[in-house]
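**Q** just need the structure, nothing else, for what follows:
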Amino acid sequence: MTQTSPSAQTQYVASLIEPDKDRAHTIAAVLQDLTDPPPDALTLFEHGASWRIDAYYDAGVDGLAPAGSVPDGETLSRQVEALLGDGIAIPAFTVAPVPDVNWVTISQAALPPVTAGRFIVHGSHDQHRVPQGPNAILIDAGEAFGTAHHQTTAGCLMAIDRLTREARHRPRAFRTVLDLGCGSGVLAIAVARSLPQADILASDMDGPSVAVARENARLNGVANRVRCVEAAGLAHPALRAAAPFDLLIANILAKPLTGLAPDLSAAVTPGGTLILSGLLTYQARQIIQVYCAHGFALDRHDRVSGWSTLTMRRG
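**A** Modelled structure (predicted):
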C-alpha cells in the first residue's frame, strides 16, 4: 500500500459482509491482530443472515492511504487473504469516511459480555446486567488487547479455568504465574481469582497496556495479587527474580513465540505448564514442534474459529 497525506482529522471505515459466522470472526481477528497497520477499532455484528465487519482507521496511518484519500479496500482484502492462508477469496472491503469520534470507545461499549469457562468478562456498560462474583471480570480494555471477544483470549481463559480446577487437587500447584504479553490483564486477573495463593506477574512491552492492566487489576480487587511490569520478553529484573514459573501464559503471535522458545523453556519449572496462544490453527504445528524441541510435550490443542490455544507441559 502507498501513503498520501489526507486530513489528519479524517477517519475511514473499511467494511465487509461475510455470510459464515466462524469465518467472519476469523477475518475480524486477523484484521485486528495481524494486519499492518492494525485498525484503531473494530466491530463485528450480525447483519441479517450474515455478519458485518467494520474496521476504523485514521487516514494518516502509514500504509493505509492509496491513490486519493481513501484506504484501498482491494489491497486490504488481499492482505487478509494472504494471512488467512486458506486459498479462499474474500471480496474487497468497501471504504467510506466517518466523523472524527473516538471509535475505540464506541466499539468497546458495543461489546456484549463473554463467557469463557466459568469466567464472564464484561465492560463497565454491562456491570449492572452481569451477576457479580469471583467469576465476573470487569475489563474496559481501552487501547490494550484483551476483552475476551478474541478467540485466543477466550481460549486462554478456558485453559485457565480447566487447569486451575485441576490445581485445587494438587498441593503447591501453580504457586508462581506469569502472564507474558498481558494486554488488558484479563488472564492474570482470572488466575488471581482462581488461585488465591498464587504469586502473579503480568508483563507487556507496551507501556499503555501495562497501565491498563494495572488499573483493571485494581478495579477487580486483585491489585495486591498481580504485579504489572513493562518488559520486552523476559528482560526485566522482576521476571528474572521470580522465574521459574509453575504456569506461564503467552498469548502473543507465532513469530515472537518461536523466537522466545529458549527463554520460555528456561522460565518454566520442570513439570510446569505453558499456555500458548495468538496462533492461527495452521501455525500451531510449527509452534508445537519448536516447543517440543525445547523440552515440552503437548497436553492439549484447542481450536476456536481458526485460532489455536496450546497447553504444554515441560518434561
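**Q** quick one, helices of this structure?
**A** Along the chain, the stretches classed as helices by DSSP state H are 21-33, 73-84, 103-109, 151-167, 186-194, 207-219, 237-242, 254-267, 281-292.
**Q** could you check the pLDDT of residue 248?
**A** With respect to pLDDT, residue 248 scores 98.
**Q** what's it in contact with, if anything?
**A** The contact partners of residue 248, by Cβ atoms under 8 Å, 6 or more residues apart in numbering, come to 177, 178, 180, 264, 267, 268, 272, 273, 274, 275. C-beta coordinates here come from the backbone N, C-alpha and C atoms, glycine included.
**Q** only the buried members of the residues you listed: can you turn that into a PyMOL selection?
**A** Applying 16 or more other Cβ atoms under 10 Å to the contacts of residue 248 leaves a buried subset, and the PyMOL line that selects it is:
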select buried, resi 177+178+180+264+267+268+272+273+274+275
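**Q** export the contacts of residue 248 to CSV and append columns for pLDDT and distance to residue 155.
**A** As requested, those are arranged in CSV below (pLDDT from 0 to 100; distance: Cβ to Cβ, whole Å):
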residue, pLDDT, distance to residue 155
177, 97, 17
178, 98, 18
180, 97, 16
264, 96, 18
267, 97, 21
268, 97, 19
272, 95, 19
273, 96, 15
274, 97, 14
275, 98, 9
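**Q** in strands only, show me the contacts of residue 248.
**A** If you go by DSSP state E, these have 177, 178, 180, 268, 272, 273, 274, 275 in strands.
**Q** ok, so of those residues, who is nearest residue 201?
**A** Nearest to residue 201 among the ones in strands among the contacts of residue 248, counting by Cβ to Cβ, is residue 178 at 4.9 Å.
**Q** so where's this structure uncertain?
**A** Applying pLDDT under 70 to the chain flags residues 1-10, 59-71, 99-111, 141-149, 168-172.
**Q** how does it divide into domains?
**A** Following automatic domain parsing, one finds the domains of the chain at 11-107, 111-314.
**Q** most tightly surrounded among those domains?
**A** A comparison of the domains of the chain by mean neighbour count, using mean count of other Cβ atoms under 10 Å, puts domain 111-314 on top with a mean of 20.
**Q** still on that earlier bit, any chance of the helices of the chain in CSV with distance to residue 225 as columns?
**A** Converted to CSV, the helices of the chain look like this (distance: least, Cβ to Cβ, whole Å):
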stretch, distance to residue 225
helix 21-33, 28
helix 73-84, 37
helix 103-109, 25
helix 151-167, 14
helix 186-194, 4
helix 207-219, 8
helix 237-242, 14
helix 254-267, 20
helix 281-292, 28
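**Q** what's the closest of those to residue 40?
**A** Comparison of the helices of the chain against residue 40 by Cβ to Cβ identifies helix 103-109 as nearest, at 6.0 Å.
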